[in-house]
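Colleague: any chance you can model this:
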Amino acid sequence: MEFNSPEDVIQFAKNLKGDASLIDADIKVGKKKKRPKEMKEWICITEYLLAILWRGKLTFPLAIQKTEQPDFIICEGSTNFGVEVT
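Modeller: Below you'll find the predicted structure:
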């Protein structure tokens, strides 16, 4: 996933939270619906990116790769770092 501007991050967050297909991906558990683990991880990393963005600390271009350990690799300019969602 690549982001070239703050608008890209904001639009991704809006799509992730408002996408009707996410409702279909929910797993019904009793009377509640439970999102799959990977979806929760994407929501968490998106919230993290938005927090950094609002503080003016996010630089572009930015790339995120979904992996197993850590959950995400973030490539920001010449800096790469891993993020584990717990």
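Colleague: only C-alpha atoms for contact and neighbour calcs from this point on.
Modeller: Will do.
Colleague: which residues does residue 77 contact?
Modeller: The neighbourhood of residue 77, defined by Cα atoms under 8 Å, 6 or more residues apart in numbering, consists of 59-62.
Colleague: show the buried residues in these.
Modeller: For the contacts of residue 77, a neighbour count by 16 or more other Cα atoms under 10 Å gives the buried set as residue 62.
Colleague: among the contacts of residue 77, name the ones in strands.
Modeller: When the contacts of residue 77 are checked against strands (DSSP state E), the matches are residue 62.
Colleague: in CSV, list the contacts of residue 77 along with distance to residue 39 and pLDDT.
Modeller: Putting the contacts of residue 77 into CSV (distance: Cα to Cα, whole Å; pLDDT from 0 to 100) gives the following:
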residue, distance to residue 39, pLDDT
59, 24, 90
60, 24, 92
61, 23, 93
62, 20, 93
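Colleague: got a markdown table for the contacts of residue 77, with distance to residue 36 too?
Modeller: As requested, these are arranged in a markdown table below (distance: Cα to Cα, whole Å):
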| residue | distance to residue 36 |
| --- | --- |
| 59 | 30 |
| 60 | 29 |
| 61 | 29 |
| 62 | 25 |
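Colleague: Three-state assignment for the closest residue to residue 64 other than its chain neighbours, please.
Modeller: Excluding its sequence neighbours, the residue lying closest to residue 64 (Cα to Cα, 6 or more residues apart in numbering) is residue 74, at 4.6 Å. Remark: residue 74 carries the secondary structure label strand [criterion: DSSP: H, G, I helix; E, B strand; the rest coil].
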